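Engineer: Can you look at this prediction? I've put the sequence above it.
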Amino acid sequence: MSLFQRAISQLARQGRCALPALVACVVAAAPSATCAQDRTEATSLLRFDHYRDVAELVAESKALTAAHPALLTYVDLGKSSGELPVFALILNNPKTGVDTDKPAMYIDGSIHGNEIQASETVLYTVWYLVENYGKIPAITELVDRTAFYFVPCVNPDGRQNWFDRQNSPHSSRTGMKPTDDDRDGALDEDGPDDLDGDGSIGMMRRPDPNGTHRRSELDPNVMEAVSPEPRADGTIRRGDWSMAGMEGIDNDGDGEVNEDGPGGYDMNRNFPADWQPDHVQGGAGDWPFSYPETEAVGRFILTKPNIAAGQAYHNTGGMILRGPGAPNREGAYAADRAVYDAIANAGAEMLPGYRSLVIHSDLYPVRGGFVNWLSESLGIVSFTNELWTEKRISQNGGSPDREAMERWRERLLFDQTRTPFTEVDHPTHGKVLVGGSNKWSSRIPPSWMLEEECHRNAAFTIFHAQEMPRVSLGSPRVRKLQDGLYEVTIELKNDALIPTRTARAASTKSGLPDVVTLRAPEGTRILASGTAARRFDREFTPDEETPSIVRLESGIPSRGSVFVRFFAEGPEGAEIAIDFAAEKAQDARGSVKLTPTEASTPATNTTATSAEPAKR
């Protein structure tokens, strides 16, 4: 029963409604609890109108697992540099098979600690799938057919630091392993300083007769840019204040401020694909997987060759990004580009303000990036979503200008994302103004917009997962060549966008090829086998190693078919078993009888064939 129905029923019970018959009619006409208008009636108590620190994220992930023990498993992957848990949630229905026998999707978030809505989006996706299993047919079918691997927070140290310590919207991106960023032999000795005590790191501004800004007459907590234009008398217009850098002091006496704060590296530059040393790619670490967090994630993924789809959540900008991270690696995506484009373009329709983009050309170069590793090294169709765009602020979907942003902060956020300017005596600059935008002011949606952002992105990844390979056996073609000799052509169909083996995986020999095994009964032999380009082609490519096994090095293509042809010697009516196995698709089994299917061949009959998904 919806909230509206409950309210009306309560009024009726209290005698406050003079028309009980009308109330009954309205209640009867109202949508049921399974309708899309109602929020899911959940077993767990999770809400998505706030942000969680690491302890809450772990506790609520365990609580969700306890609420759905038949579907969810909580797995510890390891510890961060700061000894916080890196964990995974495995979503699988064991009644339909073990997780590694099904195509699977991997989803993670918060490899950068300040990108806090990423973890909420991952957790929401888990919550939505398990809470709607058995209620929404499309969700039930997907969960029964596939598996999911979720890592809600790759960088728990950075996330917790962002909540606990003074930060800006852009800081605490790194992990927290002490690092010598300024190469002076000391570690993390000159980080930011919260001079006004508001828990955030903002900009410092100092008095300057040749300044670039002035305080607004309408609101002294707003700085207005002053362009150096000539007045009527020929003098140049100047401001009263200029920027003095981020809030902080020179803690180590080297003349620089905030140059060696906590951490200072980038775990999203620490994966094997096109990894480059630190002097080429800043923040890359000493070698791929050199940080405990990335090693834990890498080890986990490498034990799951069934992963066919990948998603990483970051912020910000409203982007659906695919690789490569460098222009010289475009060739790695060329043969699979149509699949990437089809999925990303669907996402751009589902996510207002989001665009389908390429990392190196539309954002910036990224060497050693996580999704690049999934796509280029493992052949997994993968994306990075940069969550949240300020286009969501405007009703027209456009980018808000400065005045519109001010109205947004005042009228909808009630100035909660801004600290009033405070004068502070700075040991180097003298009097400075500190304040302005705090760490909640950008990159993340306000809490009351969080659930919609989570849901739309979860829906995109669900669409992506629905397009993991779906393989079935088509109708066979059986030709009698002479007494006791038959030509059989079997169609293997993939109705999904993602092939059973991407072109990238096939070209790099990543993983194992798909395999079709033919099992003949006693008294029947498979003489030769291979593949044909089409059902009625007279030529075929034989697999010469073993006649009873056909290796499909290129897999089954996107929304396409592969035709396996074999020649069998045996009595009419003999039944050949057909087993299809693939790393990234559910196995399929079927059979075909050596009974002709064409009127033009002797002793024609229509043969029955069975085909069904099977467990390994």
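Structural biologist: All right, it came through fine.
Engineer: Helices of the stretch 351-500 of the chain, residue ranges please.
Structural biologist: Ranges of helices within the stretch 351-500 of the chain are 370-372, 378, 402-407, 447-466, based on DSSP state H, counting those that start in this stretch.
Engineer: Please apply the same query to the stretch 51-200 of the chain.
Structural biologist: 54-67, 117-131, 137-145, 156-164.
Engineer: Over to the stretch 201-350 of the chain?
Structural biologist: Using DSSP H, counting those that start in this stretch, helices in the stretch 201-350 of the chain cover 292-302, 337-350.
Engineer: what sits against E406?
Structural biologist: Counting by Cβ atoms under 8 Å, 6 or more residues apart in numbering, E406 touches V222. Where C-beta positions appear, they are placed from N, C-alpha and C, glycine not excepted.
Engineer: ok, now with 10 Å
Structural biologist: Residues in contact with E406 (Cβ atoms under 10 Å, 6 or more residues apart in numbering) are S216, L218, D219, V222, P400, R418.
Engineer: try G175
Structural biologist: Remark: with contacts taken as Cβ under 10 Å, 6+ apart, G175 is in contact with 80-82, 111-113, 154-158, 161, 262-267, 270, 283, 285, 291-294.
Engineer: returning to what we had before: most neighbours per residue, which of the helices of the stretch 201-350 of the chain?
Structural biologist: Neighbour counts (mean count of other Cβ atoms under 10 Å) averaged over each of the helices of the stretch 201-350 of the chain peak at helix 292-302, with a mean of 20.
Engineer: Using PDB, write down the CA coordinates of that helix.
Structural biologist: Extracted in PDB, the C-alpha atoms of helix 292-302 (Å, rounded to 0.1, in the frame of the first residue of the first chain):
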ATOM      1  CA  PRO A 292      47.500  -2.700  -1.500                       C
ATOM      2  CA  GLU A 293      44.100  -1.400  -2.700                       C
ATOM      3  CA  THR A 294      44.800  -1.900  -6.400                       C
ATOM      4  CA  GLU A 295      46.500  -5.200  -5.800                       C
ATOM      5  CA  ALA A 296      43.400  -6.400  -3.900                       C
ATOM      6  CA  VAL A 297      41.100  -5.400  -6.700                       C
ATOM      7  CA  GLY A 298      43.400  -6.800  -9.400                       C
ATOM      8  CA  ARG A 299      43.700 -10.200  -7.700                       C
ATOM      9  CA  PHE A 300      39.900 -10.400  -7.300                       C
ATOM     10  CA  ILE A 301      39.200  -9.600 -10.900                       C
ATOM     11  CA  LEU A 302      41.800 -12.000 -12.200                       C
END
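Engineer: between that helix and helix 156-164, how big is the angle?
Structural biologist: Angle between the axes of helix 292-302 and helix 156-164 is 130 degrees (criterion: axes from the mean of the first three to the mean of the last three Cα atoms, to 10 degrees).
Engineer: sorry, back to before: let's have the contacts of E406 in CSV, adding pLDDT and distance to G474.
Structural biologist: Formatted as CSV, the contacts of E406 follow (pLDDT from 0 to 100; distance: Cβ to Cβ, whole Å):
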residue, pLDDT, distance to G474
S216, 93, 70
L218, 90, 71
D219, 91, 69
V222, 92, 67
P400, 94, 53
R418, 95, 63
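Engineer: Only the buried subset of these, as a ChimeraX command please.
Structural biologist: In ChimeraX, a selection of the buried entries from those looks like this (16 or more other Cβ atoms under 10 Å):
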select :222,400,418
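Engineer: which one of the contacts of E406 sits closest to M176?
Structural biologist: Distance to M176 across the contacts of E406 (Cβ to Cβ) is lowest for R418, with 27.7 Å.
Engineer: do you know how far the closest one is from G202?
Structural biologist: Using Cβ to Cβ, to the nearest Å, R418 is found at 9 Å from G202.
Engineer: For the residue nearest to D278 when sequence neighbours are not counted, give me its contacts.
Structural biologist: Leaving aside its chain neighbours, D278 sits nearest to A284 (5.2 Å; criterion: Cβ to Cβ, 6 or more residues apart in numbering). If you count contacts by Cβ under 10 Å, 6+ apart, A284 has them with 265-271, 275-278, 290, 367-368.
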